[in-house]
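coords below, sequence missing:
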């Protein structure tokens, strides 16, 4: 009888793990951006408006979205921020930046560090394109720390490069995210 109970318990462990859902905690997330410019790098932040991303490891299925408040973009320089909002982001017209994760490349380890790639759709400035986000995930028990960074040519989303005759700005912006998640 004991052997039978042990066999049932061993068989049930993978099933219980398959039922887990990992949810991102938006209160523990931070999104930063950087952009190369003449003699310096412009650094700034975005506020998270909404985040309801759920991931089921057993199926690799994502649902939800991460929504950034484009109107919150800040570099701590009022003049530069006004120009960024008016001429580049056009945040009065396009107030949200939305990422919809679709699938995961790589295997999420139950413990330790995993190097993964999240494929999804990024909508900025009225244009949506598929992107790939390299992600490092540190797992401890049912908690996860995520860090990711991607660079992309923002002008491909219809935004203007704010370069002037004297100030030159790169065509690539880098977005970095740090977040926490929990398996339930």
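Perfect, I can see it now. Note that the coordinates shown come from a computational prediction; the quantities given were computed from them, not determined experimentally.

after the helix or strand of the chain with the lowest mean pLDDT, next one along is what?
Least confident helix or strand of the chain, by mean pLDDT, DSSP states H and E, is helix 2-18 with a mean of 34. Toward the C-terminal end, the helix or strand that comes next after helix 2-18 (DSSP states H and E) is strand 22-37.

in that following strand, what's buried?
Buried residues in strand 22-37, counted by 16 or more other CB atoms under 10 Å: 22-24, 26, 29, 31, 33-35. All C-beta spots, glycine's among them, are computed from the backbone N, C-alpha and C.

Now pLDDT too, for those residues, in CSV please.
Formatted as CSV, these follow (pLDDT from 0 to 100):
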residue, pLDDT
22, 84
23, 85
24, 81
26, 81
29, 90
31, 96
33, 97
34, 97
35, 95
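
what about the chain, any weak spots by pLDDT?
1-20 (pLDDT under 70).

hey, where'd the strands end up in it?
22-37, 40-51, 54-56, 61-63, 66-74, 96-105, 112-124, 127-140, 143-153, 169-183 (DSSP state E).

Minimum distance to residue 80: which of these has it?
In terms of CB to CB, the element of these nearest to residue 80 is strand 40-51, at 7.1 Å.

tell me which residues of that closest one are tucked away?
42, 44, 46, 48-49, 51.

May I see these arranged in TSV, with distance to residue 149 as well?
Formatted as TSV, the buried residues of strand 40-51 follow (distance: CB to CB, whole Å):
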residue	distance to residue 149
42	16
44	15
46	14
48	17
49	21
51	18
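
Max pairwise distance over those: which two?
42 and 51 (24.8 Å).

thought residue 106 was touching residue 116?
Yes: between residue 106 and residue 116 a contact is recorded at 3.9 Å, counting by CB atoms under 8 Å.

Looking at these two now, which is surrounded by more residues?
A count of neighbours by other CB atoms under 10 Å puts residue 116 above the other of residue 106 and residue 116, at 17 against 14.

need the contact list for the closest residue to residue 184 other than its chain neighbours.
Closest residue to residue 184 apart from its sequence neighbours, by CB to CB, 6 or more residues apart in numbering: residue 21 at 5.4 Å. Residue 21 is in contact with 54-56, 183-184, counting by CB atoms under 8 Å, 6 or more residues apart in numbering.

re earlier: looking at the strands of the chain, which is closest to residue 159?
Using CB to CB, the nearest of the strands of the chain to residue 159 is strand 112-124, at 7.4 Å.

And the closest one, what's buried?
114, 116, 118, 120, 122-124.

Which member of these is positioned nearest residue 168?
Nearest to residue 168 among the buried residues of strand 112-124, with distances taken as CB to CB, is residue 124, at 22.0 Å.

That'll do, ta.
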